[in-house]
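A.B. asks: one predicted model, sequence on top.
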Amino acid sequence: MNLPDYLSGLKAPVADETDAVDLPVTGVLPADLTGRYFRNGPNPLPGRDPGHWFGGDGMLHGVRLRDGRAEWYRNRWVRTRKLEGARFVGPEGVDLTATPANTSVIRHAGRIMALVEVGLPYEMTPELDTVGPCDFGGRLTTAMTAHPKEDPVTGELHFFGYGFAPPYLTYHRLSATGELVESRGVDVPGPTMIHDFAVTERHVLWLDLPVVFDLELLGSGMPYRWDEAYGARLGVMPRGGGATRWYDIDPCYVFHVGNAYEDARGRIVLDAVRYARGGFAALWSGSGGSPDPAASAAASGGAYLHRWTLDPATGALNEEPLDDRNVEFPTFDETRLGRSSRFLYTVTDAAVVKYDARTGTSRVRDVGGVPGEAVYVPAPDASAEDDGRLLSIVTDRSGDGSELLVLDAADLEFVASVRLPRRVPMGFHGRWIED
Ligand SMILES: [Fe+2]
């Protein structure tokens, strides 16, 4: 039997949950790196085929670091209603708890949550046990993106939910103490797949792009397909209230944004990893997405770092590619989220790449395997924007095992690695949750 790409090779799910203690460390783990590294990703139960890579049951892999030691590793499925067999769409309508919680993990106001963009967050304990779905006291009635943005100054968590029934897009805001204090509909022409967004000091930026819901595909994995006719636009919404202003852009898809900010002239700058139609088709068909024959025929290329600059004073828009390397998972120092920042990190299928926006240069470190997202963790009392470490789960190309790699963010030099007791399947987003 030929397994689909998303159930085989480095994406093949693991069959069970395990625990290990006192993990072998190479190099020296910084004692101040005390906390937990969690990584989320799809890991369908044995025998299940979700029809799309993005539909697999969420599994968290956790590594506990303390005082220079790697105390434990464990992996746990998120105990969602979907895992128990509940259906997302049934006679009663959509069940936002029957979703895989497989994309990211965050902590806000002391609550650890596993997220997927089609459903409610699932609260988890620091030991990776599932508490249950969270709707913020009944106030959240839409799904929640897996890419919320915490304002480093106010501590508020900005996020959104999208769906295939109106309202297609809703903006939400949690207070620093975790109460849902605002929900606001955003007018968009149709139901599109919106994986990420951006927040600056004064604005929320929307990406309304031509990957559109198709009712005929419901039940086939991910019911979205490229629709060139939909067009593509960026929206600029004042945080304090007011209409969203839209800027037409060249059609593309963006899964992940880097940072965004207002510059000294009031222009809005957004960096993100951009897929042209061919690059999106290549990714989508390899993930189990419904084939778009025209696009699949043109499947080529990957995803490239790109910058859009919008000028609200003149309405002008400029966009430019920043690099020709095929990359994903942009990360940066999130204490600078929404403010001008200098450094951005991405990964290729073999390396970590660091971009310096001030000098226009980049640096590459081959990691000897396949890296996952490189999460930036500032050093205590960091003296510079890159005074910190990058954490990435690197999997042997043979598929035999994985390690948690720690690099110095300043020069990408090796700091330490923790050998994990098993292979961690390719997945999505990690998060450092310090003590
Ligand atoms: Fe993502």
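C.D. replies: Structure's in. What do you need? In this text, all values refer to a predicted model and were calculated from it rather than measured experimentally.
A.B. asks: correct me, but Asp333 touches Leu344?
C.D. replies: No. With contact defined as CB atoms under 8 Å, Asp333 does not reach Leu344; the gap is 9.5 Å. C-beta: built from backbone N, CA, C; applies to glycine.
A.B. asks: where does this protein have low pLDDT?
C.D. replies: 1, 290-297 (pLDDT under 70).
A.B. asks: max-length helix in it?
C.D. replies: For the chain, the helix that runs over the most residues, judged by DSSP state H, is helix 277-286.
A.B. asks: who's in contact with that one?
C.D. replies: Applying CB atoms under 8 Å, 6 or more residues apart in numbering, the set of residues contacting helix 277-286 from outside is 5-6, 211, 225-226, 228, 251-253, 275, 291-292, 295-296, 298-304.
A.B. asks: so for that helix, what gets flagged as buried?
C.D. replies: Arg277, Gly278, Gly279, Phe280, Ala281, Ala282, Leu283, Trp284, Ser285 (16 or more other CB atoms under 10 Å).
A.B. asks: between those, which sits nearest Gly35?
C.D. replies: Leu283 (32.0 Å; CB to CB).
A.B. asks: buried subset of the contacts of helix 277-286 as a ChimeraX selection?
C.D. replies: Entered in ChimeraX, the line below selects the buried ones among the contacts of helix 277-286, by 16+ other CB under 10 Å:
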select :6,211,225,226,251,252,253,275,292,295,296,299,301,302,303,304
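A.B. asks: just the contacts of helix 277-286: which are in strands?
C.D. replies: Judged by DSSP state E, strands contain the following of the contacts of helix 277-286: Val211, Arg225, Trp226, Tyr253, Tyr275, Ala303, Tyr304.
A.B. asks: ok, the residues you listed vs Glu319, which is closest?
C.D. replies: Out of the ones in strands among the contacts of helix 277-286, the member with the shortest distance to Glu319 (by CB to CB) is Tyr304, at 11.8 Å.
A.B. asks: pretty sure that closest one contacts Val327?
C.D. replies: Yes. Counting by CB under 8 Å, Tyr304 does reach Val327; the two are 7.0 Å apart.
A.B. asks: give me the common contacts of these two.
C.D. replies: Val273.
A.B. asks: distance of the spatially closest residue to Asp67 that is not a sequence neighbour from Ala416?
C.D. replies: Distances taken as CB to CB, 6 or more residues apart in numbering place Ala31 nearest to Asp67, at 5.1 Å, with adjacent residues excluded. For Ala31, the distance to Ala416 equals 11 Å [CB to CB, to the nearest Å].
A.B. asks: and these two? which has more neighbours close in?
C.D. replies: For Ala31 and Ala416, the more surrounded residue by other CB atoms under 10 Å is Ala416, and the numbers stand at 20 against 11.
A.B. asks: the more buried one is in what secondary structure piece?
C.D. replies: strand 414-419 (DSSP states H and E).
A.B. asks: count of residues packed around Phe255?
C.D. replies: Phe255, neighbours per other CB under 10 Å, totals 21.
A.B. asks: who's in contact with it?
C.D. replies: If you count contacts by CB under 8 Å, 6+ apart, then Phe255 has His195, Asp196, Val273, Tyr275, Ala303, Glu328 around it.
A.B. asks: change it to 6 Å
C.D. replies: His195 (CB atoms under 6 Å, 6 or more residues apart in numbering).
A.B. asks: for the residue nearest to Asp67, what are phi and psi?
C.D. replies: phi -60, psi -30 (degrees, to the nearest 10).
A.B. asks: these two touch, right, it and Gly68?
C.D. replies: Yes. Taking contacts as CB atoms under 6 Å, Ala31 lies within contact range of Gly68: 4.6 Å.
A.B. asks: distance check, Pro189 against Ala281.
C.D. replies: 22 Å.
A.B. asks: can you tell me the closest non-neighbouring residue to Arg79?
C.D. replies: Closest to Arg79 by CB to CB, 6+ apart is Thr130, at 3.8 Å.
A.B. asks: what of His203?
C.D. replies: In space, His203 is closest to Val236, 5.2 Å off (CB to CB, 6+ apart).
A.B. asks: doesn't Thr200 make contact with that neighbour?
C.D. replies: No. Contact criterion CB under 6 Å: Val236 and Thr200 do not qualify, at 9.0 Å.
A.B. asks: quick one: the strands in the stretch 201-350 of the chain, in order.
C.D. replies: 203-208, 211-213, 224-226, 233-238, 245-248, 253-262, 268-275, 303-311, 316-321, 328-331, 343-347 (DSSP state E, counting those that start in this stretch).
A.B. asks: okay, the ones you listed in JSON lines with distance to Gly27 next?
C.D. replies: Shown next, in JSON lines, are the strands of the stretch 201-350 of the chain (distance: least, CB to CB, whole Å):
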{"stretch": "strand 203-208", "distance to Gly27": "39"}
{"stretch": "strand 211-213", "distance to Gly27": "42"}
{"stretch": "strand 224-226", "distance to Gly27": "43"}
{"stretch": "strand 233-238", "distance to Gly27": "42"}
{"stretch": "strand 245-248", "distance to Gly27": "46"}
{"stretch": "strand 253-262", "distance to Gly27": "28"}
{"stretch": "strand 268-275", "distance to Gly27": "30"}
{"stretch": "strand 303-311", "distance to Gly27": "29"}
{"stretch": "strand 316-321", "distance to Gly27": "36"}
{"stretch": "strand 328-331", "distance to Gly27": "21"}
{"stretch": "strand 343-347", "distance to Gly27": "19"}
